[in-house]
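J.: Sequence first, predicted model second:
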Amino acid sequence: MALWTWDPFQELEALRRQVERAFEDYRGGRWPLARTAFLPGLSARSYPLLNINEDQDTVYVEALAPGLDPESLDITVRENVLRIAGEKPSVNPDIKAEAFHRNERSAGRFVRTLSLPAAVDAAKVKAKYVNGLLTITLPKAEEARPKQIEVSVS
C-alpha cells in the first residue's frame, strides 16, 4: 500500500504555474475575456470580430456579427476612424439573467472603433450585411493610393 502525503508547496507551485500561464496569455494578446462581448472595459471593444485587409485602391472590413438587427447598425467614418455600432437583440427577453445556467451569446448594444490603415473617401463607403457577416468597402482617398513614379535616365 502506497503512502501519500499532502504537500501544500506542490499545490502552490501548480497555482503559480496557472497564474503565469494566465499572464502569458494576456501579454500574448490572448486574454480569455478579450473575446467576450458586451462587458465593460477592454472586453466591450472586441465585438464584432473583424478581418481587415486592403489592396491598392480599397480597404475591406469584414465583421462577424450574427443575430444583429440590421436596422440598428450605425456605421460612420470620420478622420480615418471607422465606428461600427448596433444592437444584438435578446432571443427571449422574458428570461431573467439569474435564470441562465450558461449565457455565452450575450445581447445588447455595442460599439467598435478602429483606425484605418489608409486615408479613405468617406463619401464612397459601402456596407452590406448578409447571413451574419457585415462587409464594409472603404475606397482609399486619392492621396492614399500608390503613385507610379517615372524614373528618367540621362
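T.: In hand now; what should we look at? Numbering: from 1, shown residues only.
J.: What's the local residue count around the residue nearest to Ala122 when sequence neighbours are not counted?
T.: In space, and not counting its chain neighbours, Ala122 is closest to Val77: 4.3 Å by Cβ to Cβ, 6 or more residues apart in numbering. Bear in mind the C-beta positions are built from the backbone N, C-alpha and C, glycine included. Using other Cβ atoms under 10 Å, Val77 has 17 other residues around it.
J.: for Leu114, same thing?
T.: 14.
J.: where's it, which helix or strand?
T.: strand 108-115 (DSSP states H and E).
J.: from memory the residue nearest to Ala122 sits against Val125, does it?
T.: Yes. At 5.6 Å, Val77 and Val125 qualify as touching, with contact defined as Cβ atoms under 8 Å.
J.: Give me the distance between Val59 and Ala107.
T.: 29 Å (Cβ to Cβ, to the nearest Å).
J.: more neighbours, these two?
T.: Shown here are Val59 and Ala107; by other Cβ under 10 Å, Val59 has more neighbours (22 against 16).
J.: residue ranges for the strands of this protein, please.
T.: For the chain, the strands defined by DSSP state E occupy 49-54, 58-64, 74-78, 81-88, 108-115, 126-130, 133-139.
J.: Let me know the angle separating the fourth one from strand 74-78.
T.: Read it as strand 81-88. Compare the direction of strand 81-88 with that of strand 74-78 by axes from the mean of the first three to the mean of the last three Cα atoms, to 10 degrees and you get 170 degrees.
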